[in-house]
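>>> Model the structure of this input:
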Amino acid sequence: MRSFYFILAFIFIAVSAKSQENKPTPGRIGVGFSINNGMGNRIAINRVMKHELEIGFEFGFKEEKAREIIKDSIEIETTEGANMAWREEKVITPSFNLTIVPVITKHASLASNLDAFVGLQIPLSFGSKTETIHYTKIATNDYFSDVNILNKQPATHEIGLNLIFGCQWFFYKNAAFGAVCGFGATSYGMRGNCETITTRTNSGSLNPIHTTTTSSELFIKDNRITTVNSFNDILGIFLTYYF
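Down below sits the predicted model:
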């Protein structure tokens with residue numbers, strides 16, 4: 001039965017590919033959704049030009065707030081000797097990343113609803129400054145200890161140049177489903193001030209330490225990384241409709 005459905009699908013594609021009535025005419029604006037490996041999901045907007053050219057851009061963003069919490073019990077030293085206490089450790093890392101990818105493609109002149117193209121991408125990615133909070137709280141009867149670490153990191157940027165190859169099938173009037181792959185180079189950078197602020201608080205009659213201290217460490221980070229991507233890193237599928 002599966003073979004029967006596969007044959008039907010193959011015949012449907014083959015028959016629909018014999019004409020090009022579903023392809024958009026020059027001047028139409030395409031809006032689509034793409035899923036790219038390593039770059040997240042993106043909205044695509046492009047315009048069909050003359051001479052089988054197409055220009056546009058993709059954009060997407062990613063905002064997250066990673067939260068890791070660990071709760072357990074540990075042995076501590078008090079003024080009355082060893083004792084058990086509860087420990088809670090929490091790490092919170094918020095981040096935001098914006099990606100913009102200008103694209104230009106050259107399409108093959110095929111007299112069918114199938115389409116093939118080659119083009120260039122210029123991925124631009126911008127990451128916000130981050131402030132990671134890492135605190136550890138230890139508490140029991142008449143004993144309290146808290147360590148709060150604030151780690152500030154500068155913003156990041158990334159620029160690349162990709163050569164892409166792809167194909168798409170216009171399964172409906174002005175609507176296409178396709179796939180793309182390629183290779184290219186990417187340059188990643190992070191430059192700016194990094195600061196770590198540590199605050200330690202100890203209190204309680206059983207705590208041998210009764211102080212609150214704050215220390216700060218400041219340094220400049222200048223990281224630059226250049227990589228060359230293979231076909232395995234630039235893979236994606238997309239769905240586009242032309243108005």
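
>>> Now the residue of the chain most remote from its centre. Nearest residue, chain neighbours left out?
Centroid-distance maximum for the chain: residue 80 at 51.4 Å, with CA atoms, centre = their mean. Closest residue to residue 80 apart from its sequence neighbours, by CB to CB, 6 or more residues apart in numbering: residue 206 at 6.1 Å. Backbone N, C-alpha and C define where each C-beta goes, glycine included.

>>> For the one helix or strand residue 193 maps to, buried residues please.
Residue 193 is part of strand 175-203 when elements are defined by DSSP states H and E. Buried residues in strand 175-203, defined by neighbour count with 16 or more other CB atoms under 10 Å: 175-176, 178, 180-182, 184, 186, 188, 190, 196, 200-202.

>>> how about a markdown table for those, with distance to residue 167 and pLDDT added?
Conversion of the buried residues of strand 175-203 to a markdown table gives the following (distance: CB to CB, whole Å; pLDDT from 0 to 100):
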| residue | distance to residue 167 | pLDDT |
| --- | --- | --- |
| 175 | 15 | 96 |
| 176 | 10 | 95 |
| 178 | 6 | 94 |
| 180 | 8 | 92 |
| 181 | 10 | 92 |
| 182 | 12 | 91 |
| 184 | 19 | 93 |
| 186 | 24 | 92 |
| 188 | 30 | 93 |
| 190 | 37 | 94 |
| 196 | 50 | 97 |
| 200 | 60 | 97 |
| 201 | 62 | 97 |
| 202 | 65 | 97 |
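
>>> In CSV, list those along with distance to residue 128.
Shown next, in CSV, are the buried residues of strand 175-203 (distance: CB to CB, whole Å):
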residue, distance to residue 128
175, 36
176, 34
178, 32
180, 28
181, 30
182, 28
184, 25
186, 19
188, 15
190, 12
196, 18
200, 29
201, 29
202, 34
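
>>> Just the closest of these to residue 51, please.
Comparing these against residue 51 with CB to CB places residue 176 closest, at 19.1 Å.
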